[in-house]
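S.K.: Sequence first, predicted coordinates after that:
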Amino acid sequence: MANVIVIGAQWGDEGKGKITDLLSRSADVVVRYQGGVNAGHTIVVKGQTFKLHLIPSGILYPDTECIIGSGTVIDPQVLIAELDQIEELGISTSNLLIAETAHVTMPYHRLIDQASEERRGNHKIGTTGRGIGPTYADKSERTGIRMLDLMDSQGLRDQLEWTINYKNVILEKLYNLPPLEPQKVIDEYLGYAERLRPYVVDASLKIYDAIQRRRNILFEGAQGTLLDLDHGTYPYVTSSNPVAGGACVGTGVGPTMIDRVIGVAKAYTTRVGEGPFPTELDGELGELLCSRGAEFGTTTGRKRRCGWFDAVIGRYAVRINGLDCLAITKLDVLDELEEIKVCVAYEIDGERCEHFPTSARKFTQCRPVYKTLPGWQQSTSNCRSLDDLPRQALDYLKFLAELMEVPIAIVSLGASRDQTIIVEDPIHGPKRALLHADGSPASLLSA
Ligand code: IMP
């Protein structure tokens, strides 16, 4: 029995979808704990591509229970479209459960998100425009609509009439937008409520029951560590907590019930939206990574900014999440390169800095200190074991493991399930602490 959290160790889009999909095979329950339809997982199974925003990737396994947890924000329209898409492919969604305490994204959230970004001009965050920030703001302000409110028709009417009239003042007076018609929105959302009712439960209780029955639970993070509201590159972050600690708050599970935390990082770095990115590559190399890695957002289609692997943020992610091991994805994207750089530290005002600075202003001033490694200039996409990898690729992975002081358990070399090297079972293999006990660099790669 193991309860495992999978998180993104960079700025999101690390390929968590593929890793959670792989790990879902040995999970009885998969739980999404934060974020909303800003996230997007692309999963390829037998040549078929699935794009999921809210539903955990475990849905593809009929015996796996999937839960959308309390810390998420749910756009019912998108969720229903996802359910339809899955059902059209002949896959049942009866194994899905939705937390009744999750908050609901309303039309005014989307409108306010988009209008406020426009207003911010040069100070914009580069949000996905899906209403995420305003939904979480209402949750904090205690004016949010929860799934259980959506299920209560009369209560919803009362609450929405008041809320929409209040939001209309903001839409009209602040953003010069036309007001929403309360009755239209209420009717629309009552329709969504009927479609979603069978799935809505007390998710925390369900998860607790599963833990008591010694089921394997996988907590699936969306976005990544550097987009965390509290620990990321604030204000260029999302409005939830993608870090491992967010899994406990976002599901109602106590920290003592978690056994493992697995981080997912790309073999290089990407970022979508605004904000500092020290290892960003502007020119030809950035374009090459973007095209080889197909670096376009699943949700917005936006081109991702690309750069070298940054071990300073990697070490930060290891610390903030208490990572036991790492999955490195998209190693094959680096196949053509003659040489590969890794940022080992920063320089700020001529001084070397080994740690991630929490101030965005200071982070903007960071200049990367690089170590250059030779590339392997051959395809790795058909490698199925460490022995198949070119020596330089293996050296690159070992270097990352040593720099971040965390073992690498999985290496991914393409989108398909079989394009993967499982170095060590990330769930049942030895824990990081045990590997470090003898003072060795604790690299599963060299074990
Ligand atoms: P929001 O989550 O839509 O409010 O966007 C806030 C920031 O997080 C923006 O920089 C987005 O580009 C980024 N972001 C949100 N979701 C994702 C994701 O799934 N992958 C990568 N970046 C994301």
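M.R.: Yep, it's here. Numbers count the residues shown, from 1 in each chain.
S.K.: Next, the buried residues of stretch 105-118.
M.R.: 105-117 (16 or more other C-beta atoms under 10 Å). (C-beta placed from N, C-alpha, C; glycine too.)
S.K.: Residues touching it, excluding its own?
M.R.: 36-37, 73-76, 124-127, 129-135, 138, 145, 163-164, 167-168, 170-171, 174-175, 177, 180, 185, 189 (C-beta atoms under 8 Å, 6 or more residues apart in numbering).
S.K.: mean confidence score for that stretch?
M.R.: Averaging the model's pLDDT scores along stretch 105-118 yields 98.
S.K.: Also stretch 420-428?
M.R.: Taken as a whole, stretch 420-428 carries a mean pLDDT of 84.
S.K.: how long is that stretch end to end?
M.R.: One end of stretch 420-428 sits 18 Å from the other (C-alpha to C-alpha, to the nearest Å).
S.K.: How many neighbouring residues does residue 214 have?
M.R.: If you count neighbours by other C-beta atoms under 10 Å, residue 214 ends up with 10.
S.K.: Same question for residue 185.
M.R.: Neighbours of residue 185 under the rule other C-beta under 10 Å: 18.
S.K.: so it touches residue 164, yeah?
M.R.: Yes - contact status for residue 185 versus residue 164: in contact at 5.9 Å, counting by C-beta atoms under 8 Å.
S.K.: Show me which residues of stretch 142-160 are buried.
M.R.: In stretch 142-160, residues buried by neighbour count (16+ other C-beta under 10 Å) are 144, 145, 146, 147, 148, 149, 150, 156, 157, 159, 160.
S.K.: ok, those vs residue 50, which is closest?
M.R.: Distance to residue 50, by C-beta to C-beta, is smallest for residue 147 among the buried residues of stretch 142-160, at 23.7 Å.
S.K.: From residue 113, how far off is that closest one?
M.R.: Separation of residue 147 from residue 113 (C-beta to C-beta, to the nearest Å) stands at 20 Å.
S.K.: same check, this time on residue 338
M.R.: Taking C-beta to C-beta as the measure, residue 338 and residue 113 are separated by 43 Å.
S.K.: next one: residue 79
M.R.: Counting by C-beta to C-beta - residue 79 and residue 113 are separated by 18 Å.
S.K.: Kindly report the same for residue 148.
M.R.: Counting by C-beta to C-beta, the separation of residue 148 from residue 113 is 24 Å.
S.K.: for residue 381, same thing?
M.R.: Separation of residue 381 from residue 113 (C-beta to C-beta): 38 Å.
S.K.: again with residue 318
M.R.: Distance check for residue 318 against residue 113: by C-beta to C-beta, it reads 32 Å.
S.K.: Check residue 310 too.
M.R.: Taking C-beta to C-beta as the measure, residue 310 falls 28 Å from residue 113.
S.K.: do the same with residue 159
M.R.: Residue 159 is 21 Å from residue 113, where distance means C-beta to C-beta.
S.K.: Same question for residue 163.
M.R.: For residue 163, the distance to residue 113 under the criterion C-beta to C-beta works out to 16 Å.
S.K.: Likewise for residue 127?
M.R.: Going from residue 127 to residue 113 by C-beta to C-beta gives 6 Å.
S.K.: Residue 166: which element?
M.R.: Under the criterion of DSSP states H and E, residue 166 resides in helix 153-169.
S.K.: Just give me how far the helix or strand following that helix sits from the chain centre.
M.R.: Heading C-terminal from helix 153-169, the first helix or strand you meet, by DSSP H and E, is helix 182-196. Averaging C-alpha positions (C-alpha atoms, centre = their mean, to the nearest Å) puts helix 182-196 29 Å from its chain's average.
S.K.: What is helix 182-196 packed up against?
M.R.: Counting contacts by 3 or more C-beta pairs under 8 Å, 6 or more residues apart in numbering; DSSP states H and E, helix 182-196 packs against helix 76-88, helix 147-150, helix 153-169.
S.K.: run the last query once more with 7 Å
M.R.: Other helices and strands packing on helix 182-196, by 3 or more C-beta pairs under 7 Å, 6 or more residues apart in numbering; DSSP states H and E, are helix 76-88, helix 153-169.
S.K.: ok and it relative to helix 76-88, angle-wise?
M.R.: Helix 182-196 runs at 30 degrees relative to helix 76-88, counting by axes from the mean of the first three to the mean of the last three C-alpha atoms, to 10 degrees.
S.K.: Run a quick neighbour tally on residue 415.
M.R.: Using other C-beta under 10 Å, the number of residues around residue 415 comes to 18.
S.K.: swap in residue 276?
M.R.: By the criterion of other C-beta under 10 Å, residue 276 has 17 neighbours.
S.K.: what do you get for the one 3 residues further on?
M.R.: When counting by other C-beta under 10 Å, one arrives at 22 neighbours for residue 279.
S.K.: any chance of the helices and strands packed on helix 182-196 in CSV, plus mean pLDDT and distance to residue 201?
M.R.: What follows is these, written out as CSV (pLDDT from 0 to 100; distance: least, C-beta to C-beta, whole Å):
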stretch, mean pLDDT, distance to residue 201
helix 76-88, 92, 15
helix 153-169, 96, 18
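S.K.: looking at the ones you listed, which is closest to the ligand?
M.R.: If you check each of the helices and strands packed on helix 182-196 against the ligand by C-beta to the nearest ligand atom, helix 76-88 wins as the nearest, at 13.0 Å.
S.K.: from the middle of its chain, how far away would the helix or strand following the closest one be?
M.R.: Past helix 76-88, further along toward the C-terminus, the next helix or strand under DSSP H and E is strand 96-99. Computed by C-alpha atoms, centre = their mean, the chain-centroid distance of strand 96-99 equals 19 Å.
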